[in-house]
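K.L.:
model the structure of this input:
(chains A and B)
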2 protein chains.
Amino acid sequence: MRFTSFNPPVRTLMGPGPSDVHPRVTSAMARPTIGHLDPAFVSMMDEVKAMLQYAFQTKNELTIPVSAPGSAGMETCFVNLIEAGDKVIVCQNGVFGGRMKENVERAGAIAVMVEDDWGKPVDPDKLEDALKANPDAKIVAFVHAETSTGAQSDAKTLCALARKYDCLSIVDAVTSLGGTELRVDDWGIDAIYSGTQKCLSCTPGLSPVSFSERALEAIKNRKQKVQSWFLDTNLVMGYWGGSSKRAYHHTAPVNSLYALHESLVMLQNEGLENAWQRHADNHLALRAGIEAMGLSFIVDEPYRLPQLNSVTIPEGVDEAAVRSTLLNRFNLEIGAGLGSLAGKVWRIGLMGQSSRAENILLCLGALDVVLSDMGADINSGVALQTAQKLMK
Amino acid sequence: MRFTSFNPPVRTLMGPGPSDVHPRVTSAMARPTIGHLDPAFVSMMDEVKAMLQYAFQTKNELTIPVSAPGSAGMETCFVNLIEAGDKVIVCQNGVFGGRMKENVERAGAIAVMVEDDWGKPVDPDKLEDALKANPDAKIVAFVHAETSTGAQSDAKTLCALARKYDCLSIVDAVTSLGGTELRVDDWGIDAIYSGTQKCLSCTPGLSPVSFSERALEAIKNRKQKVQSWFLDTNLVMGYWGGSSKRAYHHTAPVNSLYALHESLVMLQNEGLENAWQRHADNHLALRAGIEAMGLSFIVDEPYRLPQLNSVTIPEGVDEAAVRSTLLNRFNLEIGAGLGSLAGKVWRIGLMGQSSRAENILLCLGALDVVLSDMGADINSGVALQTAQKLMK
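P.N.:
Residues are numbered from 1 along each chain as shown, chains lettered A, B, ... in the order given. The predicted structure follows:
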């Protein structure tokens, strides 16, 4: 069988990620490949580190992109900090807390689960109860921005609790980095991971991580080797570390790092707080249109992520048919529900480059015509006017 | 501190990888990002699988690119096949056999080492002795093409020995895939991994792997969960598997997969056996020039990899100064020695797109002028004429 070059359709990406990627970023990615030990490349790596420190609001020396997607960033945090037999308190309020539990158990540790309903934030009181009941716990892990539900938890409070009970914290910031307030140093976060394909609006495939001094100390004092050779930060830092002499560990994904560099230059140009504000503003416009249409959000307002909107599906509507019609007629991707929310919500992403006025108009307009065509019980013809009044 | 877009220098890459990437591949990489569950993307994934089966010469269903570099492909093979307490025979004749040992031990298994000198192939007799002495061994692991030395081992014979003693085989084909003969099904290889940045001439960052039916059976019968969630093939195949319904596991590195697709289309167009022949032919031309200059190869001819040439350094020459002069004056990258060969050899890659007549001329010419300038004891002015006579 003979295959030919692949030319993807041009989509508007308003699902849970990847989000729209600016042509500046894909163009950067296409620049000529150079060696992973080339002095010019090493200088670029240093800039990536400095800009990731800015995005995370941290001075942590170990602030680098793992050469693999967010799930590998998660695993990096867990396998470096956990030793067999450790006890880890995992707060779960969606899909990704469950993935954390898997990581804990596969590293030979014990996961103590603190459960909250999907769509709700993590309850700090429940965490404190668990910390009191488990004085031998070593780590607290939770998701800052649950991509599966669109709920944001109070990372500052949860990390303060972890410190109060002498635990390290591991924070999932896959969907929050670059989209909503996140301050690694001020909030005392010990280990954090994210993804490039959400609010950074880079291509998917890398996972920025950062580790505090306390976390590094714990890693240095390990009795067992890290179970993953590829993700062992002791080895990775021989390549990404501060010295000008870089030791080969693995071959870095050179062109993907060009792309990340460019997306971070764009974030720096916009300004981090401006990016947070843009995400907040655009959410309000989308919300106005969604509510005018008669649909609603499953997450209560104070905990709602502006960049990931879980929206209810009108009764009797075939939600998968709506998504495929949006894709086929308008090249618009929105996300399905995940886990226990499958079939119950759509997830509409307003992340990074996708968080733009024109995308909001397209999404509301397309939903309006497709749902009306299907005879869904919505208020048709009012969403765009309502939304545009709130656009900045 | 303000950073601006990164514009890499244009290099010729003749080190141990990454190799030169054709503009067709980087252009493909820059195409618009689409969703990792988009039907158009899923079709492209199927083509990537089919073309990887061709490159590996296998019908194995589990033939996919791992979403991370070759080291993660190595880890995928080891952590899926190993359970704690297993015994694994690891043949070491360079850096990467040592990395295999790390993988075995970090998975809680016992590594029985079969050692050969660096630059020599794995000795099948030594392996058979080890298999006889360790009837409880479950796996044999070795490197087909040692990137650190340029030596090729007889994968067919070694895998036949593994089968004879009822062991599974794990084969490192990072530098051989697409460059020299490799037949996964005919040779009875059970698990194999490679990289995209060597003879496939794609950008670095992905690791093609393939598992035989016997290997899948072993994975299915595991008593313990795979220690890595990210690399667990049971989960990954929910996304990459044959069913048209793909379950989210992690967000695929969409644009990197566009690049791999394009490089595999180019391999298919050239023809796998033609690609092997091209690598063999170009090695002969380089060799003629290198030897005319008075330099020599550290690997004996029958075991010499055409795509990775370990060349001796003339006495008294500062090898690092030579490499940096080549880079700064001629934008030419060649590789340093690794491990016990550091300071003793240069590694000259003729892999994928780097395996071209013009690269051979550039490399020989640049070495000639730089070494002559440094007063090295070489035969100057004869390499190009000698080499070009052998160019096809």
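K.L.:
quick one: contacts for A:G343?
P.N.:
Residues counted as contacts of A:G343 (C-beta atoms under 8 Å, 6 or more residues apart in numbering or on different chains) are A:I313, A:E319, A:A336, A:G337. (Each C-beta comes from the backbone N, C-alpha and C, glycine too.)
K.L.:
quick one: secondary structure of it?
P.N.:
Under the three-state scheme (DSSP: H, G, I helix; E, B strand; the rest coil), A:G343 adopts coil.
K.L.:
hang on, the earlier thing: out of the contacts of A:G343, which are buried?
P.N.:
Using 16 or more other C-beta atoms under 10 Å in any protein chain shown as the burial test, the contacts of A:G343 include A:I313, A:E319, A:A336, A:G337 as buried.
K.L.:
stretch A:210-227 - what's its average pLDDT?
P.N.:
Averaged over stretch A:210-227, pLDDT sits at 97.
K.L.:
so what touches it?
P.N.:
So stretch A:210-227 is contacted by A:52-53, A:56, A:58, A:60-63, A:77, A:79-81, A:83-84, A:107-108, A:168, A:184, A:188-192, A:232-234, B:105-107, B:227-228 (C-beta under 8 Å, 6+ apart).
K.L.:
kindly recompute the last result at 6 Å.
P.N.:
A:56, A:58, A:60, A:62-63, A:79-81, A:83, A:168, A:184, A:190-192, A:232, B:106, B:227 (C-beta atoms under 6 Å, 6 or more residues apart in numbering or on different chains).
K.L.:
which ones among those residues map onto strands?
P.N.:
Here DSSP state E is the test, and the contacts of stretch A:210-227 give A:L62, A:T63, A:L168, A:A191, A:I192 as lying in strands.
K.L.:
show me which of those residues is closest to chain B.
P.N.:
Checking the ones in strands among the contacts of stretch A:210-227 against chain B by C-beta to the nearest C-beta gives A:T63 as the nearest, at 14.5 Å.
K.L.:
what's the separation between that closest one and B:K132?
P.N.:
Per C-beta to C-beta, to the nearest Å, A:T63 is found 51 Å from B:K132.
K.L.:
look at those two and report which has more neighbours.
P.N.:
Using other C-beta atoms under 10 Å in any protein chain shown as the criterion, A:T63 and B:K132 rank with A:T63 on top: 23 against 10.
K.L.:
is there a neighbour count for the nearest residue to the more buried one once chain neighbours are set aside? I'd like the number.
P.N.:
Nearest residue to A:T63, sequence neighbours excluded (C-beta to C-beta, 6 or more residues apart in numbering or on different chains): A:S210, at 4.2 Å. Neighbourhood size, A:S210 [other C-beta under 10 Å]: 30.
K.L.:
and A:S244, what's its pLDDT?
P.N.:
68.
K.L.:
run the chain-centre distance for the helix or strand harbouring A:R347.
P.N.:
Assessed by DSSP states H and E, A:R347 sits inside strand A:345-349. Relative to its chain's centre, strand A:345-349 lies at 15 Å (C-alpha atoms, centre = their mean, to the nearest Å).
K.L.:
then stretch A:116-129?
P.N.:
20 Å.
K.L.:
OK, contacts around A:A366?
P.N.:
Counted by C-beta under 6 Å, 6+ apart, A:A366 has contacts A:L326, A:F330, A:L332.
K.L.:
ugh, wrong one, A:V171
P.N.:
A:H144, A:A155, A:I189, A:I192.
K.L.:
could you tell me which residues of the stretch 51-200 of chain A lie near chain B?
P.N.:
A:S67, A:A68, A:P69, A:S71, A:A72, A:E75, A:E102, A:N103, A:R106, A:Q197 (C-beta under 6 Å from any C-beta of the partner chain).
K.L.:
let's see that with 10 Å instead.
P.N.:
Contacts of the stretch 51-200 of chain A with chain B, taken as C-beta under 10 Å from any C-beta of the partner chain, map to A:51, A:54, A:66-76, A:78-79, A:84, A:95, A:99-108, A:147-148, A:174, A:195-198.
K.L.:
and A:S43, how many neighbours?
P.N.:
A:S43, neighbours per other C-beta under 10 Å, totals 11.
K.L.:
so for it, what's the pLDDT?
P.N.:
For A:S43, the predicted pLDDT is 96.
K.L.:
that one against B:P9, yeah?
P.N.:
No. Here A:S43 does not reach B:P9: they are 11.1 Å apart, not a contact under C-beta atoms under 10 Å.
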